[in-house]
Structures are given as structure tokens and as C-alpha cells.
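Student: Dropping a prediction and its sequence here:
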Amino acid sequence: MSGFFSDKKRVAAYAMMIGVFIIIGIFAPRESLGYWDFMEYVDAGEDLPAELVVNFGGWTLLVPIVMFAFVLLTKSFLEAFIWASFMTVFMRFRGDTIVAFTNEQINAVLDYDNARMLILYLGIGAVLAAVSKGGGAKAFADWARSKAKSPKTSLIIMWLMDIVLSVDDELSAFTTGAAITPLADSYGIPREKSAFMIRCSAVAPATLWPLGAWTVFVAVLLETSGFAESGQGVAAYMKCVPFMFFPMIVLVIGLLVALGIIPDFGKMKAAVKRVQEGGPIAPDASGKEMGDDAGVGSGDINEGMPHRMINFFLPVIALVGGAWVAELDIMVGVICSLVVTYFLFVFQGICTPKQFINDILVEGFKDMMMLAMLFGVSLVLVNELDAMGFAPFIVDATSKVLSAKLLPFVIFTVFACTEFLVSFNWSLYMMALPIVIPLASATGANPYMTIAALICAGIWGSQGCLYSDGAIVAAAATGTDAYESSTTSVQYIVVAAVLTAVCFLVAGFVF
């Protein structure tokens, strides 16, 4: 207990959290029904009667604001997600909070898509462990080092490799991180900078071409919302691409940072100086979100084993090829990669079957456990804010001052602010597209530019929010502390967001 009270910032964070819970308990609205009565309507697929619907209004903003402040004070993402998720349930159901939180967490994890994503993270961890512990990543890094004669070239290779693999941003981030981070380490590039390169070039290209994972997801929403005809969602999405200013700008910024045209500044400058003065490549694990020993290339399975390029390329080819054959299903690709890698390693004598299970599968799962936990807990927060009407409140609060020319600018700016506090990513599109599309029609705004503004806000959330899935993935892919990597690169992403807002402001009057 004395250790807790010696950390004044953490004490302040928990004092703030307790105070907010008291304020919510006394003043905030709550659901008019108890949890089990409420769930009877949900299970029956029925809407609540109008007289039972509760308007939480501005109270929905309190949770992400408190969560953001908690992160800044404690530097701990998992604690922040747990308490913020608990707070949303408490606001809705008060006395039923514990049973409601338990069931909402179970329901969220049992959802097919969510369960699939959790298993995917674990599987990717095993693939990363395979290419690392099997010597493939080191062999590739040695080869790349013979071609890349400078730190600048290694960063450019990282940027290009992300783009080439951008059919899926997780695939791109983890594969590039495993391959190039050891190379970047050898040139004294701090892990925070490697994480930034992954962050700015993994998601952005996946949103700009027809086969990107983000493209397909939003395309389906455009069809289900009635904006695009069946089968024409991708075509409608591609009409938004010319207005997708944020991913274009952030890609250019990443390249300019790699080339050294944009200098290191802020915490990035301090990180570079740390390494130049003989300090560690990776920062001290302030929040220990990814574990102290999380690292790319954390050791061979057996000492003295040869490092062969095939042990990198064949698992990656199996992953990409399997996903491609299965119509871009990365889960199939991960399973294919693990099966191929198992036989590849055992036949080469790199490991025994038992070692493959224990040292690759199990250790790979462990490396990704924190990421899986963060994702699982965040589901409750996102679902509860959605149920409380977060997105409709934001749109309604701004719609009274909108004009056709300003709508895209306002949509991007407002949702960029909320996404910085708590990133919804794809969930934002599910919540807001059904509202934004008719709003664009009602005001006479360019619908494709307006949709692009919302998409850009979600991408910004993935890139700019300190504890987004994009932030955690980039940290995991490069084996660095999530909080430190986020706060070191955020200034570059903010510049991209400001430039994007300017572009939408100008474009609204031009198109």
C-alpha cells in the first residue's frame, strides 16, 4: 500500500476516478430499466418503448475525457480501459453494475467477429515468434543491411514494405516490424521511431486502394446503409478516395521523416539523442503495457543454429498466399503460415515438435496477451458508448451550425477530437455513417467528401489516439513500450490532422 501512495500521479488518478464515480452516481442519468429487464428487449430484438429511452447527452463525453486524463497520469492503458469500461456500465445500470459488466464483457468476447480478432492476435504472435526465433528475421535483417547502407535507407525500406503489404494493416505492421526492426536497431534507430514508421505507413495505404481491409469494411456499410447499391460499395468508396486527405498526408510525412527532410523534434529528438549517447534502443517500459521483455528477435530457439532467409520468406509467403486464396481472410493466412512453418522448422532440425509448441506457439501467444486483453476490455467501452448514443449526440450538437460547405470540415474536426480521446475506428463508422449520410443529403454537401471526412477521422483515431489498436499494434510489432511510442510520435500525426482539417475546409468551398 505504501508503494501505491508513493506514486502521487497514480493517487491523483484514482482520486479523480473515485470523484467522477460519485458525481455520476448522484447526478448522471441512468437506464429506466434494470439490467435484466433491459436485456429482455435486447434478446427479443425489440426497440425500447419511447418513454423508456434515456438521453445521456453530454454525459457520454465524460468517460473518454476521464480515461484520457487517467492515461496521462498513470501511463497505463489497461487500467484506463478497465475503469472507463466499468464507468460506462455504472452510468447505465448503477446497482446492477457488476452483473452487467460481467455479462457485457462475455457477450462482447463471444461475438464472432470479436472472438476471431482475439484469436487472430494470438496467432499473429505465434507467426512473429516463428520468424524471430527461427532466425528468419535476423537473416533478412542481415541481407537488408548489406543493401541498406544507412539508417535513412532502413527507414525507407520499412515505409515501402508496409505499403507493399497493406492489404491488411495488422499483416503489414507485424511482418514489417519483425523484418526491419532488427535492421533499424543495428543502425541505432530508437524503437519509438521504428514504431512511428509502422504506424504512419501500415493503416494509411490500406484505406486508399480497393483491396484494403478498411476499404472492404466501409464498402459493406455503404451498401447496408443504402448509399450504394448491392455490389457497388467498393466503387462508391473509391469515389471518396480523392478526398481522403489524412492517409495521403500521413504517408508523405512518414516518407519525409525517413528521408530526414522533416527533422526529429519533441520526444522523438530526445529518443534519438538517448541512443546517440549510448542509451538503450528501446525506451524504459513506463507503463509496461507490452511487457519488459517484449522485443523483436528475442532469441533463437537453439544456440548456434543457422539463420536462413527461407525461414522468413516462406512463413510470410504462406501467410499472404493463404489469406489471398481465402479472399483476403488473414486468419486462414495465419493458420497456413503456422502449418508451413512447423514442417519447415522440424525438417530442418531447428526445433522439435515439442519446442515448436512451447517456444513458438505458447511464447508467441504470451507476447500478444496484453494486446488481446486491451482489445477485449475496449469492446465493452465502445459498445456501451454506442448504446448511450455517443455518435448521435456529437452529430446533433454540431448539426445546428452546419452548412453544406462546412460539413466535411466539421465532421472531421469534431470526430477527430473525440477519436483522440478514445478511438472507435471501425465502430465509429458503424455508429456515425447512418447519421452522416442523410445529414450530407439534407444540407446539400458533397456526400463523398463528407463520408471521406468521417473515414479520415477514424483513421486519425487509429494513428493519433495514444491507446488505439494502431498504437498498440505498432508497439507490439517493434517490441517497444506502447505509451512511450505513442507520446513520441503524436506530434507528427497532429500535424497531419491539422493539414487535413485545412484541406477539408478549402475543399468544401471548391467542390
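Tutor: Thanks, I have the structure now.
Student: Tell me how far stretch 331-338 lies from the chain's centre.
Tutor: Relative to its chain's centre, stretch 331-338 lies at 21 Å (C-alpha atoms, centre = their mean, to the nearest Å).
Student: contacts for that stretch?
Tutor: With contact meaning C-beta atoms under 8 Å, 6 or more residues apart in numbering, stretch 331-338 is reached by 116, 119-120, 123-124, 126-127, 130, 171, 315-316, 318-326, 361. Heads up, the C-betas are built off the backbone N, CA and C, glycines and all.
Student: can I have it written out in CSV, keeping just the CAs?
Tutor: Coordinates of the C-alpha atoms in stretch 331-338 are reproduced here as CSV (Å, rounded to 0.1, in the frame of the first residue of the first chain):
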residue,chain,number,x,y,z
MET,A,331,-7.0,-15.8,-40.2
VAL,A,332,-6.6,-18.5,-42.9
GLY,A,333,-3.3,-17.0,-43.8
VAL,A,334,-2.0,-17.2,-40.2
ILE,A,335,-3.0,-20.9,-39.9
CYS,A,336,-1.4,-21.7,-43.2
SER,A,337,1.8,-19.9,-42.1
LEU,A,338,2.0,-21.8,-38.8
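Student: same question for it, mean pLDDT?
Tutor: For stretch 331-338, mean pLDDT is 87.
Student: now do stretch 24-31
Tutor: 93.
Student: distance between the ends of it?
Tutor: Stretch 24-31 has an end-to-end distance of 13 Å (criterion: C-alpha to C-alpha, to the nearest Å).
Student: Report the buried members of the contacts of stretch 331-338.
Tutor: Using 16 or more other C-beta atoms under 10 Å as the burial test, the contacts of stretch 331-338 include 120, 123-124, 126-127, 130, 171, 315-316, 318-320, 322-323, 361 as buried.
Student: Ser166 is in what secondary structure piece?
Tutor: Taking DSSP states H and E as the definition, one finds Ser166 inside no helix or strand.
Student: From what I see, it and Thr176 are in contact.
Tutor: No. The pair Ser166 / Thr176 is not scored as a contact, 9.8 Å apart, by C-beta atoms under 8 Å.
Student: Now do the shared contacts for those two.
Tutor: With C-beta under 8 Å, 6+ apart, Ser166 and Thr176 have common neighbours Ala202.
Student: circling back to that earlier point, sort out for me which of the contacts of stretch 331-338 are in helices.
Tutor: 116, 119-120, 123-124, 126-127, 130, 171, 315-316, 318-325 (DSSP state H).
Student: pretty sure Glu363 is in contact with Leu128, am I right?
Tutor: No. Counting by C-beta under 8 Å, Leu128 is not a contact partner of Glu363; they are 10.0 Å apart.
Student: which one of these two has more residues nearby?
Tutor: Leu128 (27 against 19; other C-beta atoms under 10 Å).
Student: Could you find the closest non-adjacent residue to the more buried one?
Tutor: The shortest distance from Leu128 to any non-neighbouring residue, by C-beta to C-beta, 6 or more residues apart in numbering, is to Ala178 (5.1 Å).
Student: Please identify the helix or strand for the one you found.
Tutor: helix 169-186.
Student: now that helix, how far from the centre of its chain.
Tutor: 16 Å.
Student: Give me the mean pLDDT for the next helix or strand after that helix.
Tutor: Under the assignment DSSP H and E, the closest C-terminal helix or strand after helix 169-186 is helix 191-206. Taken as a whole, helix 191-206 carries a mean pLDDT of 89.
Student: Please name every helix or strand in contact with helix 191-206.
Tutor: Packing contacts for helix 191-206, counted by 3 or more C-beta pairs under 8 Å, 6 or more residues apart in numbering; DSSP states H and E, involve helix 151-164, helix 169-186, helix 213-224, helix 245-259, helix 267-276, helix 447-464, helix 469-478, helix 482-510.
Student: where's the residue nearest to Leu128 relative to Phe70, distance?
Tutor: 32 Å (C-beta to C-beta, to the nearest Å).
Student: before we move on, what about Pro283?
Tutor: 21 Å.
Student: Likewise for Pro151?
Tutor: Distance from Pro151 to Phe70, by C-beta to C-beta: 36 Å.
Student: And Phe246, by the same measure?
Tutor: Counting by C-beta to C-beta - Phe246 and Phe70 are separated by 27 Å.
Student: Settle it for me: which of the two has more neighbours?
Tutor: Phe246 (30 against 24).
Student: Contacts for stretch 103-114, please.
Tutor: 35, 39, 85, 89, 115, 118, 375-377, 379-380, 383-384.
Student: so Asn311 touches Val131, yeah?
Tutor: Yes. Asn311 lies in contact with Val131 (C-beta under 8 Å); the separation is 6.8 Å.
Student: between those two, which one's more packed in?
Tutor: More neighbours surround Val131 than the other of Asn311 and Val131, with 29 against 26 (other C-beta under 10 Å).
Student: give the contact list for that one.
Tutor: Neighbours of Val131 in contact, by C-beta under 8 Å, 6+ apart: Ala137, Ala178, Ala179, Asn311, Phe312, Pro315, Val316, Thr341.
Student: rerun at 7 Å
Tutor: Ala137, Ala178, Asn311, Phe312, Pro315 (C-beta atoms under 7 Å, 6 or more residues apart in numbering).
Student: Kindly state the pLDDT recorded for it?
Tutor: For Val131, the model assigns a pLDDT of 80.
Student: what do you get for Met1?
Tutor: Reading off the model, Met1 has pLDDT 57.
Student: just Val395 next, same as before
Tutor: Per the predicted model, pLDDT is 78 at Val395.
Student: Next: Cys503.
Tutor: In this model, Cys503 carries a pLDDT of 96.
Student: Distance check, the nearest residue to it once chain neighbours are set aside against Ala452.
Tutor: Using C-beta to C-beta, 6+ apart and skipping residues adjacent in sequence, the residue nearest Cys503 is Phe245, 4.1 Å away. Distance from Phe245 to Ala452, counting by C-beta to C-beta: 8 Å.
Student: This completes my enquiry, with thanks.
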